[in-house]
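Asker: predicted model and sequence follow; I will ask about them next.
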Amino acid sequence: MTGGRLDAQVRDLLHRALHGYRDNPRATELLRHQLARYDQPLRVAVVGGWRSGKSTLLNALMGEEVAPVDGSAFAWYEDGPQPDATGYSTSHPPQRLAVVRSGTGMRVDLTGWRAGELRDIVVRWPARSLRQVTLLDTPAVGVADEQATDPVLDRVLRESDALLYLTRDARGADLRILGATREGVVGQAAPVHTIMVLSRVDESGGGRVDALLGARQLARRALRNPQVDALCATVVPCSGLLGLAGRVLGETEFAALAALARVPRAELEPYLLSAERFARGEPPAGLTAATRGALLERLGVVGIRLATTLVRTGCDNRVALAAELVRRSGLGELRESLNRLFVDRRQVLKARSALTAVEAVLRDEPGPATADLLAALEQLLAGAHEFAESRLLAALRDGRLGFDAELAAEARRLVGGDGDEPAARLGIAPDATLAWLWETAAEARWRWRERADDPALALPQRRGAQVVARSCEGLLADLATAHAR
Amino acid sequence: MAGIWLDALDDIARTCQEHGRGDLLQAVRLKRAHLLDPTLTVLVVGEPNQGKSQLVNAIVNAPVCPVGDGTTTVLPTVLRHAEVASATVVQTPLPGPGTPPAADPPAVQRTPVPTDQIAAGVGGSTGRLPGGGPAYIEIALPRALLGAGVVLVDMPGGGDVATVGAGTPVAALTRADTVLLVTDSTRDLSVNELNMLLHLTRSHSNVAVVQTKTDLVPDWRAVADRNRRHLADAGVPAPLIPVSAALRLHAAATDDHTLNAESGFPALIALLRRHLAAKPDTLARAAVVLTARTVVEQLAAPLRAELTDHRSAEESAPMARLHAAQREVDELRRCATRWQNTLTDEMADLISDIEHDLRDRTRQILRMVDEAFETADPLVAWDAVAQWLEQSLVEAAEANRQWLVQRCDWIARRVAASFARYGHGSLPPWPLTASVGYGAPIPELERPNVDRFTVGQKVFTGMKGSYGGLLMFGLALTLAGMPMINPISIGAGALFGGKSIRDEGKQLLRRRQATVKAAVQRHVDDFFIQVSKDSRDAARRAQRVLRDHFAALTDELQTAIIESLRSAKEAADTDAAARERRQREIQQRMIRLAELYEQAQQVTAARPAPLAPLA
């Protein structure tokens, strides 16, 4: 919305910090790195426990099989003109790695490297989805105990602007790990930069076909838990496996599925009871063992059950089946949330990481300029309307303002809790005319301004209403510039 | 045949009693009762969402425990045998503080739950009384396996070992004969689960790992192999049984025996039956050994700690007191030297300072007197000067004495400061001035003998002087023809006479002044010698008094400290003896514990188990 000012302020603060720490080479390097990073695409890290489906989800998001590269290294996926991979290790200079293209993606040749030797692998891959976002595949995050922080998570928090956190059940240890993301002055004031993804939902609930629907309920229930809600912007169920299958489904695979679907259900069912039965047995459709293995690999036994059912119930061509699989996997919602909450708000998220980095430098390397810079940092945090909005969002989340549910929802929408676009903020159709947007925004502004001046309300509520009204004014200003253009 | 292990268990119980460990005794008694109970309690534990409830359902072939997304088992579920299916929420009231938890079965509240509400009950939302204690849900089912004596307990998922092993209020349930740890096939055993297994194998003799959801994963065999390797690496002697609850339930629905075999459940049920059959003998023996180990560890730990404590820490309280007393003696010795030195040095300084001060004062007085008699005539001024002199000398002596007293007092304080750490009454209780008196009276100033210039002397001197002048001028004028006695010669004679009278007078005055000065000098010298002798004596007396006082104080302190040293030494000696005794006692106890453990070991060794319990 008014990202320009925040942007200038953050840059200014970074330059001031650079000036203040010009005698400190370590701090200077860190700050320069931040300044350079500030102009790069948003970095979204895919984080999660061991075998939580990080690489599969990343592949599903990109629509191609490019992950995993190396289980113990950070893999960066950037936009580039042609496929290319560079390995960074602790002991050797950066080195080009051989990339082998396959039908549905690529594989990086890691022969000659010991496990754990590579620290970072930067993969350049021509993909539209990487235009605005750099994706980051991370090693598994361990179970955090009370004191020690996980080194992987530590690095992720330093290097990325936003997180997709994969969990199977949104409980216990996962929440403890995520709690670490909210530390520091900036961490408290800046917006939540985490989307929690309930991963591998196809396998939950005993592998029933409607497991995905159940997962959606589970996500809604998890979001109602204040502990979860405070830590992440939203909870999205997503089956990376089905999503990826939908996005890379080939004709041969569809043909195999269609052949399976033609077999009467009663005849087929015994073979679909378990993965092993499907792979070892001889289903009546006459598929070769290799085809069945490939199908299992691609969809899993639950996916095959779902796909055959879908083919039977009307998705009788590849495109329709692929679309339905993607829809059922929850991938669409995840991408939508990613766009709405991360890409649209990238200014604020990047400002957040830059400020976090500055805060870390100020904390770790006290110097003569520290006090001034800290004051400037706090002033920025307190003054920037974007952060005021994010604080209001947090307050609305834990219900401490005492607005009723309807008002809270409206406030949340208006300050950008559901997306940053004017239409999303105003809660009307994305294709609305400018005049309509203007009318709605003006009306909302009037109502919230009234509320901000209402002496009957408690002070925190009036303050909140003020922030909402200010957001509406910003919207009006934006709409006015749009109109002038 | 049950006798051997029962005896061993009773021995263990007795030892617990000897050691005064009521809690352990309670546990052992419960174990005894539990081992005599023919049912086999099977505890199903594991992390959330691993399919524990589904496993239980599949074992009994009935959808008793709710499964699915987000439905989480909150209450432990106990499955027992009964002819008619029923469900009950059992809730123990919160135990009052201080009462032993399971001394007698506490009054439980049983709330029947309609069968269609079991899901809600397990979710913890039905049938529980508000404010009540922990609860579990008991489900009775007519099943052959349960009828044979197996009791299944489905625990709420929790990664924490503590919730499984610790004395939770449903601890009676957790005293299980067999523990099944459930993990799913989508991933290997986690570090958490391995830790939990290690913990479980310490307290339970029969632990098995059940790998569920084999139907979902094509490569479950590879996962199972890896898991077996993990178990072997971690040193966990637990068998691993891969199962698929979905296949089993499907098999039950379609009555398909091959499918049932494929589900892996027959192996699991066979294991449970084997454990059930082995319970009265093999399992009990193993349990006794485990109990013995736990009890011996529990009993030995404090003893061992005490022993190392004894060995490492020489600084027991009496020993510390002894050392402190020795330090105190040394300190006192140092203190004595210190104060003696201080006193001697200060007194030497004092004497020289006082003498110098006195000399300075008397010299000043002397100088004043000298100046006075430079001009004044002792005949006229003597009385005034003598009076002033007397007064000045007395004042000087007083001032000097004052200073002496102050310095003595200061020295006393200074020396007393050495005794500051001993606190009370270190200053001598007398005022020093009293003992510092004058030895002998100051000698009187004698009036010196001075020559007066009498009238006769004057006449005589005048005559003598005038004679020369008269003669001188008379003779000279006779040459001029004048008579010898003429006015001029008479005038000259008178002039000469007058001059010689004046000269004589001056001379006399000077002589008088010199005499007086000498007299005064002598007097002041006398005075100085007298007074400085007095001061010296006084200082010496003060020194003596101080020395005596502080020496007495030191003696007193020394007696006290030596007394405490002696008592500390005695205490330390007795303490060392007591410690020796205690050490021997602990060693004996340890030996007895080792024997007990040995005996318990023999329970299994005596008759090798026909079935390896953890094959």
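Answerer: Perfect, thanks for sending it.
Asker: contact partners for B:Thr183?
Answerer: By C-beta atoms under 8 Å, 6 or more residues apart in numbering or on different chains, the residues touching B:Thr183 are B:46-47, B:50, B:189-190, B:193, B:209-212, B:227. The C-beta positions use only the backbone N, C-alpha and C, and glycine is treated the same way.
Asker: equivalent analysis for A:Lys350, please.
Answerer: Counted by C-beta under 8 Å, 6+ apart, A:Lys350 has contacts A:10, A:37-38, A:42, A:161.
Asker: before we move on, the earlier item: of the contacts of B:Thr183, which is the nearest to chain A?
Answerer: B:Ser190 (7.2 Å; C-beta to the nearest C-beta).
Asker: count residues in the vicinity of that closest one, would you?
Answerer: 18 (other C-beta atoms under 10 Å in any protein chain shown).
Asker: and it, its phi and psi?
Answerer: phi -90, psi 170 (degrees, to the nearest 10).
Asker: please tell me I have it right and it contacts A:Ala140.
Answerer: No: look at B:Ser190 against A:Ala140 with C-beta atoms under 8 Å: they stay out of range, at 10.5 Å.
Asker: list residues touching both of these two?
Answerer: Contacts common to B:Ser190 and A:Ala140, judged by C-beta under 8 Å, 6+ apart, are A:Trp50.
Asker: what about the residue minimising distance to the centre of chain A, distance to chain B?
Answerer: Ranked by distance to the mean C-alpha position of chain A (C-alpha atoms, centre = their mean), the top residue is A:Leu164 at 3.9 Å. Plainly put, A:Leu164 is 19 Å away from chain B if you go by C-beta to the nearest C-beta, to the nearest Å.
Asker: wait, a strand at that residue?
Answerer: Yes: secondary structure of A:Leu164 (DSSP: H, G, I helix; E, B strand; the rest coil): part of a strand.
Asker: select the longest helix from chain B.
Answerer: helix B:487-606 (DSSP state H).
Asker: leaving aside the residues next to it on the chain, what's closest to the residue nearest to the centre of chain A?
Answerer: Nearest residue to A:Leu164, sequence neighbours excluded (C-beta to C-beta, 6 or more residues apart in numbering or on different chains): A:Val46, at 4.9 Å.
Asker: hang on, that neighbour in a strand?
Answerer: Yes: assigned with three-state DSSP, A:Val46 falls within a strand.
Asker: hang on, isn't B:Val179 packed against B:Val45?
Answerer: Yes: here B:Val179 lies in contact with B:Val45, judged by C-beta under 8 Å, at a distance of 6.3 Å.
Asker: which residues are in contact with each of these two?
Answerer: With C-beta under 8 Å, 6+ apart, B:Val179 and B:Val45 have common neighbours B:Leu200.
Asker: so B:Leu6 sits against B:Arg32, correct?
Answerer: Yes: under the criterion of C-beta under 8 Å, B:Leu6 is in contact with B:Arg32, at a separation of 7.4 Å.
Asker: which helix or strand contains A:Thr291?
Answerer: Per DSSP states H and E, A:Thr291 falls inside helix A:289-312.
Asker: quick check: residues of the stretch 151-300 of chain B near chain A?
Answerer: B:159, B:186-187, B:190-192, B:213-218, B:220, B:244-247, B:250, B:259, B:262 (C-beta under 8 Å from any C-beta of the partner chain).
Asker: strands along the stretch 101-250 of chain A, start to end?
Answerer: With DSSP state E, counting those that start in this stretch as the criterion, the stretch 101-250 of chain A has strands at A:105-108, A:118-125, A:133-137, A:162-167, A:194-198, A:234-237.
Asker: dump the ones you listed into JSON lines; add mean pLDDT as well.
Answerer: Converted to JSON lines, the strands of the stretch 101-250 of chain A look like this (pLDDT from 0 to 100):
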{"stretch": "strand A:105-108", "mean pLDDT": "80"}
{"stretch": "strand A:118-125", "mean pLDDT": "86"}
{"stretch": "strand A:133-137", "mean pLDDT": "89"}
{"stretch": "strand A:162-167", "mean pLDDT": "88"}
{"stretch": "strand A:194-198", "mean pLDDT": "86"}
{"stretch": "strand A:234-237", "mean pLDDT": "85"}
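Asker: quick one: the strands in chain B?
Answerer: Assigned by DSSP state E, the strands in chain B fall at B:40-46, B:77-81, B:86-91, B:109-113, B:135-141, B:150-154, B:178-184, B:206-212, B:240-242.
Asker: can you put these in CSV and add mean pLDDT and distance to B:Ala376?
Answerer: Shown next, in CSV, are these (pLDDT from 0 to 100; distance: least, C-beta to C-beta, whole Å):
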stretch, mean pLDDT, distance to B:Ala376
strand B:40-46, 82, 124
strand B:77-81, 81, 130
strand B:86-91, 76, 123
strand B:109-113, 74, 125
strand B:135-141, 79, 123
strand B:150-154, 83, 128
strand B:178-184, 85, 125
strand B:206-212, 87, 126
strand B:240-242, 89, 131
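Asker: make JSON lines out of those and add distance to B:Glu331.
Answerer: Listed next are those as JSON lines, based on distance: least, C-beta to C-beta, whole Å:
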{"stretch": "strand B:40-46", "distance to B:Glu331": "64"}
{"stretch": "strand B:77-81", "distance to B:Glu331": "72"}
{"stretch": "strand B:86-91", "distance to B:Glu331": "68"}
{"stretch": "strand B:109-113", "distance to B:Glu331": "70"}
{"stretch": "strand B:135-141", "distance to B:Glu331": "68"}
{"stretch": "strand B:150-154", "distance to B:Glu331": "69"}
{"stretch": "strand B:178-184", "distance to B:Glu331": "65"}
{"stretch": "strand B:206-212", "distance to B:Glu331": "64"}
{"stretch": "strand B:240-242", "distance to B:Glu331": "71"}
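Asker: B:Gln599: how many residues sit nearby?
Answerer: Residues near B:Gln599, counting by other C-beta under 10 Å: 16.
Asker: show me the contacts for the nearest residue to it once chain neighbours are set aside.
Answerer: Counting by C-beta to C-beta, 6+ apart, B:Gln599 lies nearest to B:Ala8, which is 5.8 Å off, once chain neighbours are set aside. Contacts of B:Ala8 were listed using C-beta under 8 Å, 6+ apart, and they are B:288, B:292, B:599-600, B:603.
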